[in-house]
Structure formats: structure tokens, C-alpha cells
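S.K.: Provided below are the primary sequence and the corresponding predicted coordinates.
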Amino acid sequence: MAQEGRTGTLRDGYWIKRVPSAYTPAQVAEYLQCVGLTQYTESNIASGGFPPSFDNLGVLIRFHLLTFPFEHTAMHYTPDHTMDVTAEGAFRRFVHECKGSYCFGHNNLFLQILRGLGYRAYAGSARVNMAPGFSSPPNFSYFSHMFVFVQPFENNQTYIVDVGFGATGLTRPILLSDAEDNVVFGTTPTERHRLRLGPHPLSSLGVAENPSKSISSALSWQLEAWHDKQDPAAPNAWKILFTFPEDEFLDVDVQNASYITAMKPGAIPLFWSNVVCMKHLLIRDMAQVPEEDVYTHSNIHDDGTFMYRLVMVENRVTEHVGTRTTSIRTLESERDRIVAMRELFKIPIEDSAIVYMEGRAPSLG
């Protein structure tokens, strides 16, 4: 689909400005302590003791993913059914309450942490492909997803970071490039991600001398995922996860998009009709990984860290390790689900919260 190749920079070579964080050095240090980077203190942060490097960016992503679950329980198990994704609300929910959020909470928190550590970064927005499976035509949402653009070097080389997509999402930074060799591993080598650049299929914009040609400012990026199949006979294909421009997603956009997602019936059917939880866990023993999944590709960027995911959707909890999916638990009631969230996803939610689920679409009765 690429019409205008791009090799790692924003349109017109833009640089990202250094912007103050909403968090103090003490809050940034508290976050680092929470995710397990316990060697950093408030004075370290204030004096630049955590270098805003590319390698450290990968470390931050990994520790964040392994600490905080992807979840939207506040949408169903609280009296007002809202999701507080403000900078302070996200900090309180993640760091103080040891819970998680969906993309707006995860990536707003992560953006402010990056800025507090000296990274040059800004928020981006995306339309999620809501089509099922890998063979269905794309079906894009409104701007229902948030991620982060980062320039971790002392130049304008730009990367995409996303700690809040949930299952199938990025687990490493990916260069803003549609080069064929710009591919990164996901949780294991069986999952890969790449970027493509071209006109959005629904765009009405073109140039006067050739209306069928898309103007460069109307081009849209696509993040795509590839999953090797457990069944060798099953067809493999790249799937578009989401499509996005390079425009900045301001805080007012974040708050309103989150409000629509949480409060408008059916805005994102997956969240409205289900309770979705997902947690990354570290693969400590490669014996966990199916033997056929352990291989390397010389053109795929990898830091040697492999993970697996626990996923809860509808009334099932499944474990995803490479190409292998295993059913862990079947949920028969709301209490079963509450217990699973506490035990498996480490979300501290009380049995008394069940009352707020009464009459809602995902209720298990």
C-alpha cells in the first residue's frame, strides 16, 4: 500500500519538543519503584540519573507491561461506570491502587513518565480495525485508541510506543518506517509487527492536478500484526491493528475519546459487551514455548525477552504462549469472574462490586 516511503522521521522532518511532565520527580521515582526499577530515587530523577536512551525505553516498556494489567473494570464495577484517565487519575489507579486501564490510561500515564524522564514524546490517536479475524475487510472505529510517538535519540528519528493495546499489541518500540526490514517481535517470535504508509481507504482528499492521488498530509500509517498459526495448514496474513495520522492527540481529545468509549452504548462493542482483562507474564523457561516456535529471523529486531499473555474475554480465561492457546478457567458467575481477576490478573476488586454489574450487557448473572 505504500506510496511515499518513510525511513524513520515525522512528516517534513519534524522534531518533537521537550515538554514538561504532569508528574513530579517524586512521582516518576514512585512509578519506577512500582514497576521494579527500585534503584532510582527522586534525586536520581531530578538530576537526570535515568538516561532517556533507546535501550532504557525498551526497559520501561517491558517493566510496565509486566506490572500492570490491561483492563476496564471501572467501566462495569463502579457506581458511575467511568474511566478516570487523567494524568493524576491514572497515576492513582496504577501506582497507588495496583490496577490497570485501557489504552487511554496506560498510554497517558506512560507519556507523562517518559516526559518526566526527559524523553521527547507526544500522544497519537488511531482508528482501530474492529473486523474479526485476519481475512475480513477492515472496519475502522472512531479515534478510539491512544499511543505515543517518541524521539529517543538526539535527532529526529521517531518511534511508536504502545503499552495499552492489549492482546496482539506492540511489546517493543517500532521505528516510524515502512521499510520492508522494519519488523519487530511481539511477545515471542511467532508474533511480529510492521508499519505501512498509504492513503486511508475512506479518505476523500486528493490533489487538484490528479484527484486520485492522495496528498502527503492525508497519508495514514497502519500498524500490522502477523501471527504464526498452530495449524500449519491455516492461512497466514498480516492484519491491520489500527491506522493513524501523525497529528498530536491533545489531553482534551484523550478525555473525550475515553468518555465516549466508556459511556456510549456500543461505542466499542468489545468493551461494552464484555469484561476484558489481559496480563503479560515473563517466559522464564524456554521449555514453556512450543519447540516449533523457537527460532530467529535476522531481519527482525529483538531484545531477547519473550513473554506470554493471560486473556479474559466473555466467560473464559486463556493462556497464549507462542502459537499455543490453553484454556485456564471457565467462569460461571460474576463471583467466578471477580475471583479470576483477583487471582490471575492481580486486580484488587472486592466481591461487593458485583452489585454495579447488575443489568449490564456483560453480566454473568
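M.R.: Nice, I can see it.
S.K.: ok, T171 - how many residues close by?
M.R.: 26 (other CB atoms under 10 Å). (Each C-beta comes from the backbone N, C-alpha and C, glycine too.)
S.K.: from M278, how far out is it?
M.R.: 12 Å (CB to CB, to the nearest Å).
S.K.: how about I347?
M.R.: Relative to M278, and taking CB to CB, I347 is found at 11 Å.
S.K.: quick check: neighbours shared by those two?
M.R.: P69, E71 (CB atoms under 8 Å, 6 or more residues apart in numbering).
S.K.: residue contacts, the residue nearest to Q157 when sequence neighbours are not counted?
M.R.: Leaving aside its sequence neighbours, Q157 sits nearest to G8 (CB to CB, 6 or more residues apart in numbering; 4.8 Å). Contacts here follow CB under 8 Å, 6+ apart; on that basis G8 touches Q157, T158, L175, L176, S177.
S.K.: need phi/psi at the second one.
M.R.: As for T158, its main-chain torsions (degrees, to the nearest 10) stand at phi -120, psi 140.
S.K.: burial check on the nearest residue to it once chain neighbours are set aside, number of neighbours?
M.R.: Leaving out its chain neighbours, the residue that sits closest to T158 by CB to CB, 6+ apart is L176, at 4.3 Å. L176 is flanked by 23 other residues according to other CB under 10 Å.
S.K.: could you do G48 as well?
M.R.: Neighbour number of G48 under other CB under 10 Å is 10.
S.K.: kindly report the same for D80.
M.R.: D80, neighbours per other CB under 10 Å, totals 11.
S.K.: quick one, helices of the stretch 1-150 of the chain?
M.R.: Taking DSSP state H, counting those that start in this stretch, the helices of the stretch 1-150 of the chain run over residues 25-35, 42-46, 54-67, 87-91, 103-116.
S.K.: ok, now how distant is R192 from P132?
M.R.: Taking CB to CB, one finds R192 at 20 Å from P132.
S.K.: more neighbours, those two?
M.R.: Using other CB under 10 Å as the criterion, R192 and P132 rank with R192 on top: 20 against 8.
S.K.: which SS class is the more buried one?
M.R.: Secondary structure for R192, judged by DSSP: H, G, I helix; E, B strand; the rest coil, is strand.
S.K.: now do the contacts for it.
M.R.: Applying CB under 8 Å, 6+ apart, the residues near R192 are V183, V184, F185, G186, A225, W226, I300.
S.K.: show me what it is bridged to.
M.R.: F185, W226 (DSSP bridges).
S.K.: using PDB, write down the CA coordinates of stretch 185-202.
M.R.: Coordinates of each C-alpha in stretch 185-202 appear next as PDB, following Å, rounded to 0.1, in the frame of the first residue of the first chain:
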ATOM      1  CA  PHE A 185       8.900  -9.300  17.600                       C
ATOM      2  CA  GLY A 186       5.800  -9.300  19.700                       C
ATOM      3  CA  THR A 187       5.600 -11.500  22.800                       C
ATOM      4  CA  THR A 188       7.500 -14.300  21.000                       C
ATOM      5  CA  PRO A 189       9.000 -14.800  17.500                       C
ATOM      6  CA  THR A 190       5.600 -16.100  16.300                       C
ATOM      7  CA  GLU A 191       4.200 -12.600  16.600                       C
ATOM      8  CA  ARG A 192       5.500  -9.700  14.500                       C
ATOM      9  CA  HIS A 193       4.600  -6.100  13.900                       C
ATOM     10  CA  ARG A 194       5.300  -3.800  11.000                       C
ATOM     11  CA  LEU A 195       4.200  -0.400   9.600                       C
ATOM     12  CA  ARG A 196       2.800   0.600   6.300                       C
ATOM     13  CA  LEU A 197       2.100   4.100   4.900                       C
ATOM     14  CA  GLY A 198      -0.600   5.000   2.300                       C
ATOM     15  CA  PRO A 199      -4.000   6.600   1.800                       C
ATOM     16  CA  HIS A 200      -6.700   5.800   4.200                       C
ATOM     17  CA  PRO A 201      -9.200   3.700   2.200                       C
ATOM     18  CA  LEU A 202     -12.100   6.100   3.200                       C
END
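S.K.: distance from the chain centre to that stretch, please.
M.R.: 13 Å (CA atoms, centre = their mean, to the nearest Å).
S.K.: got the buried residues for it?
M.R.: By neighbour count on 16 or more other CB atoms under 10 Å, the buried set for stretch 185-202 is 185-200.
S.K.: which one of the residues you listed is nearest to G36?
M.R.: Among the buried residues of stretch 185-202, T187 lies closest to G36 (CB to CB), at 18.6 Å.
S.K.: how close does the closest one get to V161?
M.R.: Taking CB to CB, one finds T187 at 16 Å from V161.
S.K.: over to T318?
M.R.: For T318, the distance to V161 - CB to CB - is 26 Å.
S.K.: I figured T318 hits R324, correct?
M.R.: No: T318 is beyond contact range of R324, at 10.2 Å (criterion: CB atoms under 8 Å).
S.K.: pull stretch 95-115 out as CSV, backbone CA atoms only.
M.R.: The C-alpha coordinates for stretch 95-115 follow below in CSV (Å, rounded to 0.1, in the frame of the first residue of the first chain):
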residue,chain,number,x,y,z
VAL,A,95,0.7,3.2,41.2
HIS,A,96,-1.4,3.5,44.3
GLU,A,97,-4.2,1.1,43.7
CYS,A,98,-2.2,-1.5,41.7
LYS,A,99,-4.8,-1.7,38.9
GLY,A,100,-4.7,-1.0,35.2
SER,A,101,-6.8,0.6,32.5
TYR,A,102,-7.4,0.5,28.8
CYS,A,103,-5.2,2.4,26.2
PHE,A,104,-6.0,6.0,27.4
GLY,A,105,-5.0,5.3,31.0
HIS,A,106,-1.9,3.2,30.1
ASN,A,107,-0.5,5.5,27.5
ASN,A,108,-1.4,8.7,29.2
LEU,A,109,0.5,7.5,32.3
PHE,A,110,3.4,6.3,30.2
LEU,A,111,3.6,9.5,28.2
GLN,A,112,3.9,11.6,31.4
ILE,A,113,6.5,9.2,32.8
LEU,A,114,8.6,9.5,29.6
ARG,A,115,8.4,13.2,29.7
